[in-house]
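> Whatever this is, show me its structure:
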Amino acid sequence: MPTRTIFLGLVLTAILGVSWTGTVCAQGVPDASKDSVTRLRQSADKGEAVAQFKLGVLYLNGQGVPQDYAMAAKFFQKAADQGLAAAQFNLALCFERGAGVVQDYAKAAEFYQKAANQGNGVAQTNLGMLYVRGQGVPQDYAMAAKFLQKAADQGLAPAQTALGAMYAQGKGLSRDVAMAFTLFQKAAEQGNAVAQSSLGKMYLLGRGTSQDYAKATLFLQKAADQGDAMAQYNLGAMYALGKGVVQSYTKAAQLFQKAADQGDGDAQHNLGILYQQGHGVPKDFAKAAEFYQKAADQGDAIAQHNLGVLYQEGQGVPKDLAKAAEFYQKAADQGDAKAQNNLGVLYESGHGVPKDFAKAAEFYQKAADQGNVMAQNSLGFLYESGHGVPKDFAKAAEFYQKATDQGFAPAQSSLGELYERGQGVPKNLAKAFDFYQKATGQGFAIGQSNLGSLYCQGLGVRKDVKKGCDLIRDALLKGADGAQEALKRYCSN
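As a prediction, this is how the structure comes out:
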């Protein structure tokens, strides 16, 4: 059963809140010398808010004093209570991260709000992100956009990036990819890796701007060099597919590995594909299984399907049809058509699961509805044979026709048989001949044997016993079911 090929993905995600440091305030990092710490203590004891804040920063970073988040939060609280915006911001971060205090998103939102009301752009950014995630406040994309816009207007790259993602996704405001592009561009110019990654993806797909692989490569590379996993993944996909760069599985594998090491599920499953196929890395089914497992554990349906294939075939893992069924089921539950088909095969054969034709039909139907050609053919057979569904030759013909329209040789042969017998469709030997010929052209032995039988009988075509018998003999060598019987019937003399 085939595994999936590498695909190129686009995920525009909002950046998380900025990291905390003592430099988030206008006052900068305070002097950590012994004399300075002493003076700060004296001033803080007198109730001077700036001194309290600076002392909190020293405890936060362990500069001149032992690192102590609880003491940091204590001094931030004192300064925050006096209305110092920078202290309110850092205290909010303490509550958001649970550093020195019990984690409390509602308290974090409260103090971000106080700092944001004073125009603190970083607080506005982080408050916006709490509204995006619904942490400490009700999830509210409109409110998120409001605060992110305030911060973006101050030129804060993280806010511009997050707001750009909201415009790209149409969350909290009308979808506007051109505006998203503009915001990503502004943040990217400041070196923001997430913005560079998002901008690269927009150039890659031609969203909000003209498609430009060179610029896509430029910005994805900038972001990848800063360790952005999504950029590493997408740049790797470009190398794998040869999109805008010289095709190189080796470079693709290197970039997928970097992103996979950061837990990127798409990179993990694509790295699994490279190991399974031996592209850019030595072929190694065990390694493929390892990376599929990592991605599957994150709910990646493609990885779940591919891991199921490895368990079914016993490649890189012990052969285990029950395990195969387990992973196919996980992927099938997410609507993966190939997994649905493969699960149908297991239920039809009773491998790894109890034999259940009705279940097989159920999963074939789901996959067939998505255009899976093998499922369409298998569902046609179940309707023809009456296994798991009421026998219905018209339904069988319908599904064989769907698969035939996609050029599937077994379906062409089966549909030909229905036309030859007049089951589910009007009897039509010319059509039967046509479908057998199409199947034979693709090397399908049963169709070839059937075609030979028509030639031998002169049905739907001028009678030609020699040609017919030659076709049947060749089909027999290929192992066609029924060829031996046809040979005895038409070619024994």
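> Name the spans of this protein whose pLDDT lies under the cut-off.
Low-confidence regions of the chain, defined by pLDDT under 70, span residues 1-35, 493.
> Please list all residues in contact with the closest residue to residue 120 other than its chain neighbours.
The spatially closest residue to residue 120, leaving aside those adjacent along the chain, is residue 85, at 4.5 Å (C-beta to C-beta, 6 or more residues apart in numbering). Glycine gets a C-beta too; all of them are placed from N, C-alpha and C. Residue 85 makes contact with 25, 114-115, 118-120, 123 under the criterion C-beta atoms under 8 Å, 6 or more residues apart in numbering.
> Out of the residues you listed, which end up buried?
Buried members of the contacts of residue 85, scored by 16 or more other C-beta atoms under 10 Å, are 25, 114-115, 120, 123.
> Now for those: which two are most distant?
Set against one another by C-beta to C-beta, the buried ones among the contacts of residue 85 have their most distant pair in 25 and 114, with a gap of 14.2 Å.
> circling back to that earlier point, for the buried ones among the contacts of residue 85, could you give me JSON lines that also reports secondary structure and distance to residue 418?
As requested, those are arranged in JSON lines below (DSSP: H, G, I helix; E, B strand; the rest coil; distance: C-beta to C-beta, whole Å):
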{"residue": "25", "secondary structure": "coil", "distance to residue 418": "79"}
{"residue": "114", "secondary structure": "helix", "distance to residue 418": "76"}
{"residue": "115", "secondary structure": "helix", "distance to residue 418": "74"}
{"residue": "120", "secondary structure": "coil", "distance to residue 418": "74"}
{"residue": "123", "secondary structure": "helix", "distance to residue 418": "71"}
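> can you list those in CSV and add distance to residue 479?
As requested, those are exported to CSV (distance: C-beta to C-beta, whole Å):
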residue, distance to residue 479
25, 79
114, 79
115, 76
120, 76
123, 73
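> Show me how the chain divides into domains.
Structural domains assigned to the chain are 9-173, 427-493, following automatic domain parsing.
> Out of the ones you listed, indicate the one that is most buried.
Mean neighbour count (mean count of other C-beta atoms under 10 Å) peaks for domain 9-173 among those, with a mean of 20.
> do you know how far the residue nearest to residue 120 is from residue 114?
7 Å (C-beta to C-beta, to the nearest Å).
> intersection of neighbour lists for the two?
Between them, residue 85 and residue 114 have residue 123 as joint contacts when contacts are counted by C-beta under 8 Å, 6+ apart.
> before we move on, back to that, is it possible to get JSON lines of the domains of the chain that adds distance to residue 258?
What follows is those, written out as JSON lines (distance: least, C-beta to C-beta, whole Å):
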{"stretch": "domain 9-173", "distance to residue 258": "16"}
{"stretch": "domain 427-493", "distance to residue 258": "42"}
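> before we move on, back to that, format the contacts of residue 85 as TSV; extra columns: distance to residue 104.
Formatted as TSV, these follow (distance: C-beta to C-beta, whole Å):
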residue	distance to residue 104
25	22
114	15
115	16
118	21
119	24
120	20
123	16
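> Quickly check those for the two that are furthest apart.
The largest separation in those, counting by C-beta to C-beta, is between 25 and 114 at 14.2 Å.
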